[in-house]
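Participant: Sequence plus predicted model, see below.
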Amino acid sequence: MSDVVILGAGMHPWGKWGRPFVEYGVAAARAALRDAGLEWTDVRFVVGADTIRNGYPGFVAGATFAQAMGWNGARIASCYAACASGAQALDIARTRILAGLCDVALVVGADSTPKGFFAPVGGDRPDDPDWLRFRLLGATNPAYFALYARRRMALYGDTAEDFAAVKVKNALAGSANENARYRKTVTAAQVLASPLVADPLRLMDICATSDGGAALVLASAEFARRHGASRPVRLAAVSTVTPSFPSTVLELPDFATDSTAAVPPPERPFRAAIAHAAYEEAALGPDDLSFAEVYDLSTALELDWVEDLGLCARGEAAKLLRAGDTALGGRIPVNPSGGLASFGEAVPAQAIAQVCELTWQLRGVAGARQVEGARIGLAINQGLFGHGSSIIATS
Amino acid sequence: MTAPVINGWFTVDGGTAHLLGTRCADCRTVYFPPRTGFCRNPYCDGEDLAETRLPRRGTVWSYTNSCYPPPAPFVTADPYVPVTLAAVELAGTGIVVLGQVKDLTVDDLRVGMELELTTGPLADGPLVWMWGAPGATAERQNGESS
């Protein structure tokens, strides 16, 4: 398989800016094009990752960004895959390049978010589980994160102090990231004194909802050579697998797991399966990674991801954390960008932002948060309704 | 005599609450919420899914609460009392069902403890299934057969 490379990465800083999402997307796209040394008119394919909270323009994000940048006659796509939307958009662009249908593609995701809990999209929709879970149970996203966190405490002996230590670690990394929304370091005492939101998780254990935009310019290796890019970061794998039946972990926004009455549980639960497919495609394993960007919707969830990636045995992530292995300077830094703890979540931009971080780390230009000698990076996330993704990039 | 918040997901029979699932006649997989039309086991072509009552007891897989009022369409009581939630693994089915918890707080719950199905009212009236301490009784419901 010929290579697809990342020629450019760009972001609009995360925050709560209160402006239309298209502004963040265009700013990120322009930054990515500048980084790639290309013009918007060089782009032959543009993919937008959709946002569902910004009206019709959000559902056709590819066209919305393209129009804002000035119609250039490129082929276009818009896609939605919950938290994996950005990765899915990237996969569509990569596949088109691999198929030889274009040389250069632009991937853009941006969001503008309301304050507070993510609520379901408006209107009475008793057939939509995402509406029903609020109506019947008041089950917010943090409630699901808290179920996973409590289970870790019961099964593995994780403590609230462990969860706080994840936040302290990620806040320290994020303090060195100019695109992060939260740039202040925090102490464990501050995390533990923040109000409980969903027992055992506190406000500072849970990622905020943010505005932000991220973009990538992908190209064929052949185009990159002609363009004079020396040793561009290479996409080694993009995994977007579904769970396998029966899915035995209670996932957002479900009321129940699948039953194991007829078919035994799969070898790998969903999150581990997403990682496994990426490793398989890249012909790499957990021991090969220099660092990982994982979807820390909560502090406790980062520990689940560390195990799902196979960085340690099930139940031992807190041990890695306590030993400093997952901190910057440690054996396998996790979330050197600062993670969602420092960014908050801007759904369609977040998976793209993870790949921006992979790009900068693998180029060795991440400044104070640089992972020493980074050669192979992995990004992973999980969204609602069985969408998730993992991307492996190499220098 | 209170209406359920959703039809066909649970019933109260002689003061005893039951979750209503469906079972595939071919592969015997059980579903909750009840599914109709076709089996979701990828190895099964079954299209005959019949209603079945799920086990009424199970063990706590995990639990939490909502310290802040959840957003609409949830209707919050005034004053707001934190909603307690438990995910309960039903005996014999390998299925974990999420529900509100009745008359218990997170301080009363432990992973692995046994809970039993009951019902209780939402703040605006209709009944929903809930998990409760074994032996608690369900609220009466419209149309119950007894």
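Facilitator: Arrived safely.

Participant: For the residue nearest the centre of chain A, give its distance to A:A318.
Facilitator: Against the mean C-alpha coordinate of chain A, by Cα atoms, centre = their mean, the closest residue is A:A351 at 3.3 Å. Using Cβ to Cβ, to the nearest Å, A:A351 is found at 26 Å from A:A318. In short, each C-beta sits where N, CA and C put it, glycine included.

Participant: hmm, back to that, right, and the secondary structure at the residue lying closest to the residue nearest to the centre of chain A once chain neighbours are set aside would be what?
Facilitator: Closest residue in space to A:A351, ignoring its immediate chain neighbours: A:G86 at 3.4 Å, by Cβ to Cβ, 6 or more residues apart in numbering or on different chains. Classification of A:G86 using DSSP: H, G, I helix; E, B strand; the rest coil returns helix.

Participant: any idea which element the residue lying closest to A:R331 once chain neighbours are set aside lies in?
Facilitator: In space, and not counting its chain neighbours, A:R331 is closest to A:D325: 4.3 Å by Cβ to Cβ, 6+ apart. According to DSSP states H and E, A:D325 maps onto no helix or strand at all.

Participant: And the closest residue to B:P34 other than its chain neighbours, what's its pLDDT?
Facilitator: Closest residue to B:P34 apart from its sequence neighbours, by Cβ to Cβ, 6+ apart: B:T22 at 4.4 Å. On the pLDDT scale, B:T22 is placed at 97.

Participant: What number of residues are in the vicinity of the residue nearest to A:A351?
Facilitator: 35 (other Cβ atoms under 10 Å in any protein chain shown).

Participant: My guess is it contacts A:A346. True?
Facilitator: No: using Cβ atoms under 8 Å, A:G86 is not in contact with A:A346; the gap is 9.4 Å.

Participant: Give the residues shared as contacts by those two.
Facilitator: Between them, A:G86 and A:A346 share these contacting residues under Cβ atoms under 8 Å, 6 or more residues apart in numbering or on different chains: A:G109, A:A214, A:A353.

Participant: Among those, which ones are in helices?
Facilitator: A:A353 (DSSP state H).

Participant: Chain B: which of the shared contacts of A:G86 and A:A346 is nearest?
Facilitator: A:G109 (24.2 Å; Cβ to the nearest Cβ).

Participant: Pretty sure the closest one sits against A:L216.
Facilitator: No: using Cβ under 8 Å, A:G109 is not in contact with A:L216, being 9.4 Å away.

Participant: any common contacting residues for the two?
Facilitator: A:I352.

Participant: For A:L297, which non-adjacent residue is closest in space?
Facilitator: Using Cβ to Cβ, 6+ apart, the closest residue to A:L297 is A:C207 (5.2 Å).

Participant: tell me which element the residue in the stretch 201-350 of chain A that chain B sits nearest to falls in.
Facilitator: Minimum separation of the stretch 201-350 of chain A from chain B (Cβ to the nearest Cβ) falls at A:T260, amounting to 3.0 Å. Here A:T260 is covered by no helix or strand, with elements defined by DSSP H and E.

Participant: Do I have it right that it meets A:P246?
Facilitator: Yes: A:T260 lies in contact with A:P246 (Cβ under 8 Å); the separation is 5.3 Å.

Participant: which other residues reach stretch A:270-285?
Facilitator: With Cβ under 8 Å, 6+ apart, stretch A:270-285 has contacts from A:236-241, A:243-244, A:247, A:249, A:251, A:266, A:268, A:286, A:304-305, A:307-310, A:376, A:378, A:380, A:382, A:386, A:388-392, A:394.

Participant: so how far is it off the chain centroid?
Facilitator: Averaging C-alpha positions (Cα atoms, centre = their mean, to the nearest Å) puts stretch A:270-285 16 Å from its chain's average.

Participant: Kindly report the same for stretch B:28-46.
Facilitator: That offset, for stretch B:28-46, works out to 19 Å (Cα atoms, centre = their mean).

Participant: A:P114: how many residues sit nearby?
Facilitator: 11.

Participant: same question but for A:G18, I mixed them up
Facilitator: For A:G18, the count of nearby residues is 9 (other Cβ under 10 Å).

Participant: Spit out the contact partners of the most centrally placed residue in chain B.
Facilitator: Central residue of chain B (Cα atoms, centre = their mean): B:W129, 4.3 Å from the mean position. B:W129 is in contact with B:W9, B:F10, B:A17, B:L19, B:G99, B:L117, B:T118, B:T119, counting by Cβ under 8 Å, 6+ apart.

Participant: Please apply the same query to A:R133.
Facilitator: Neighbours of A:R133 in contact, by Cβ under 8 Å, 6+ apart: A:A139, A:P253, A:D254, A:F255, B:L98.

Participant: Can you tell me the SS state at the residue nearest to the centre of chain A?
Facilitator: Reduced to three states by three-state DSSP, A:A351 is helix.

Participant: thought it was touching A:A84?
Facilitator: Yes: using Cβ under 8 Å, A:A351 makes contact with A:A84 at a distance of 6.0 Å.

Participant: what is in contact with these two at once?
Facilitator: Joint contacts of A:A351 and A:A84 (Cβ under 8 Å, 6+ apart) are A:N381, A:S389.

Participant: How far does the lowest-mean-pLDDT helix or strand in chain A sit from its chain's centre?
Facilitator: When each helix and strand of chain A is scored by mean pLDDT, DSSP states H and E, helix A:129-132 comes last, with a mean of 92. Centroid displacement of helix A:129-132 relative to its chain, using Cα atoms, centre = their mean, is 23 Å.

Participant: Give me the contact status of it with chain B.
Facilitator: Yes: interface with chain B: helix A:129-132 contributes A:W131, A:L132 (Cβ under 8 Å from any Cβ of the partner chain).

Participant: got the contact list for that helix?
Facilitator: With contact meaning Cβ under 8 Å, 6+ apart, helix A:129-132 is reached by A:P120, A:V121, A:D124, A:R125, A:P126, A:P253, A:D254, A:F255, A:L384, B:I6, B:P73.

Participant: rewinding a little: tell me the pLDDT of the residue nearest to A:A351.
Facilitator: 97.

Participant: likewise B:R140?
Facilitator: 55.

Participant: For A:Y56, the count of nearby residues, please.
Facilitator: Neighbour tally, A:Y56, other Cβ under 10 Å: 7.

Participant: So it belongs to a strand, correct?
Facilitator: No: per three-state DSSP, A:Y56 lies outside any strand segment and is helix.

Participant: Please, which helix or strand holds A:V5?
Facilitator: Assigned by DSSP H and E, A:V5 falls within strand A:4-15.

Participant: What is the distance between the very next helix or strand once past that strand and the centre of its chain?
Facilitator: Using DSSP H and E, the helix or strand that follows strand A:4-15 in sequence is helix A:21-36. Chain-centre distance of helix A:21-36: 18 Å, with Cα atoms, centre = their mean.

Participant: Adjacent strands (with direction) for whichever helix or strand comes after helix A:21-36?
Facilitator: Using DSSP H and E, the helix or strand that follows helix A:21-36 in sequence is strand A:45-49. Here strand A:45-49 is paired, per DSSP bridges, with strand A:75-79 (parallel), strand A:104-111 (parallel).

Participant: contact partners of the first one?
Facilitator: Yep, that's strand A:75-79 we're talking about. Residues contacting strand A:75-79 (Cβ under 8 Å, 6+ apart): A:44-50, A:59-63, A:66, A:85, A:88-89, A:92, A:96, A:101-102.

Participant: Could you do stretch B:28-40 as well?
Facilitator: A:245-246, A:255-256, A:258-259, A:261-263, B:8-9, B:19-24, B:26-27, B:41, B:44-47, B:49, B:51-52, B:54, B:93, B:95, B:97.

Participant: Tell me which of these fall in strands.
Facilitator: Among the contacts of stretch B:28-40, the members falling in strands (DSSP state E) are B:L19, B:L20, B:G21, B:T22, B:R23, B:C24, B:L49, B:E51, B:T52, B:I95, B:V97.
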